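Enquirer: Here is a sequence together with a model predicted from it:
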Amino acid sequence: MPIAVPLIAQCLVMFALMGIGLALCRLGLVSDTGTKELGAILLNVVFPVVIIRSFWGHFTPENLSVLGITFIGATAALMVAMAVARLAFPHDGVAEFSAAFSNAGFIGIPLVEATLGSEAVFYITCFIAELNVLQWTYGKWRISGSTDSIKPASVLMSPMLIGFAIGVILFLFQVPIPEVIGDLMGSIAQLNSPLAMIVLGAYLAKSSPGALFGTARTWMTALVRLVAVPAATIAVLATIPAAGSVKLAIFIAAAAPTGSNVAVFCQQLDRDTQAASNAVCLSTLLSVATLPVMAGVAGLVL
């Protein structure tokens, strides 16, 4: 079955979940504080558990080899994304960050899990770890224009990076999974997709339609993130000798819409937060159409 078919179905489900989040926020049933707290649960608990679960108990010599391949593929995909974004927006750090870094956590993980299976999350763990490091270093530098904003402690304390490190240790040392722990992680992991999409829907509710759809800069940023970067990613992944499912998983994570961290960093660094939020929201809406199309092309090439 072509990858685009299940991806379309999953995008529609996610779009419906986003609609629920938007409605809850507009109706006043979920406050800004509630949205932030739900986002904190995702970032600090659910996502790290999903990553740890993808490693724990899956050690085989083949998977060890695959881990090395996914690191190479993730590095190549991220480098090409940053290069394309830099060429498109050489003097606009906010737009460059928005175009370069995808929402591999909120959208990439649920999509990979739904279309390729829960075991495929293992294929994008290196991508997520590298993405977090690059956002907190290169990304913050491009937004602020100064290296003063980069704090190594913040990078090392990223929940995603900690989850990745724990997962790798458990993977390499082949630590057995107690049944009760396995059941607990499975229950937490099931929160991933619905909670992430509901939170994204609540974010969408904060943007006015006029601001969201009326800016040429926002459309250009979305075009680069959703079309130019995925096209370049397909080209670079095609040169890497790996199984098609591995490359497709990395591609889906790389082709996801703009990551929400750009708005967080802009708020911290006193930059254009509204433009960053609009880029996240518009690219998320458009990705419902672009992701299946680009994934269909990737399925044929990779």
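Expert: Arrived safely. All values reported here derive from a predicted model rather than from experimental measurement.
Enquirer: Which residue ranges of the stretch 1-150 of the chain form helices?
Expert: Here the stretch 1-150 of the chain has its helices, by DSSP state H, counting those that start in this stretch, at 4-26, 32-41, 47-55, 61-88, 93-100, 109-116, 125-134, 140-144.
Enquirer: Does anything pack onto the longest one? Which helices or strands?
Expert: With contacts defined as 3 or more C-beta pairs under 8 Å, 6 or more residues apart in numbering; DSSP states H and E, helix 61-88 has these neighbours: helix 93-100, helix 125-134, helix 159-172, helix 229-237, helix 244-255. From N, CA and C alone the C-beta is placed, and that goes for glycine too.
Enquirer: Determine which stretch of these is the most buried.
Expert: helix 93-100 (a mean of 28; mean count of other C-beta atoms under 10 Å).
Enquirer: if we can go back for a sec, now the helices of the stretch 1-150 of the chain as TSV including distance to residue 185 and mean pLDDT?
Expert: Formatted as TSV, the helices of the stretch 1-150 of the chain follow (distance: least, C-beta to C-beta, whole Å; pLDDT from 0 to 100):
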stretch	distance to residue 185	mean pLDDT
helix 4-26	22	80
helix 32-41	15	79
helix 47-55	5	82
helix 61-88	18	91
helix 93-100	31	90
helix 109-116	14	82
helix 125-134	15	84
helix 140-144	31	83
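Enquirer: Go through those helices and pick out the most buried.
Expert: helix 93-100 (a mean of 28).
Enquirer: Just give me how far that helix sits from the chain centre.
Expert: In terms of C-alpha atoms, centre = their mean, to the nearest Å, the centre of helix 93-100 is set 14 Å apart from its chain centre.
Enquirer: which ones are touching residue 166?
Expert: 48, 52 (C-beta atoms under 8 Å, 6 or more residues apart in numbering).
Enquirer: ok, now with 10 Å
Expert: 48, 49, 51, 52, 55, 56 (C-beta atoms under 10 Å, 6 or more residues apart in numbering).
Enquirer: Can I get the residues you listed in a markdown table including distance to residue 269?
Expert: Formatted as a markdown table, the contacts of residue 166 follow (distance: C-beta to C-beta, whole Å):
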| residue | distance to residue 269 |
| --- | --- |
| 48 | 25 |
| 49 | 30 |
| 51 | 27 |
| 52 | 31 |
| 55 | 33 |
| 56 | 36 |
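Enquirer: and which of those residues is nearest to residue 152?
Expert: For the contacts of residue 166, the residue nearest residue 152 by C-beta to C-beta is residue 48; the value is 19.6 Å.
Enquirer: Neighbours of the nearest residue to residue 63 once chain neighbours are set aside, how many?
Expert: In space, and not counting its chain neighbours, residue 63 is closest to residue 122: 7.1 Å by C-beta to C-beta, 6 or more residues apart in numbering. Using other C-beta atoms under 10 Å, residue 122 has 23 neighbouring residues.
Enquirer: Would you point out which residue is most central in this structure?
Expert: Centroid check for the chain by C-alpha atoms, centre = their mean gives residue 104 as the closest residue, at 1.2 Å.
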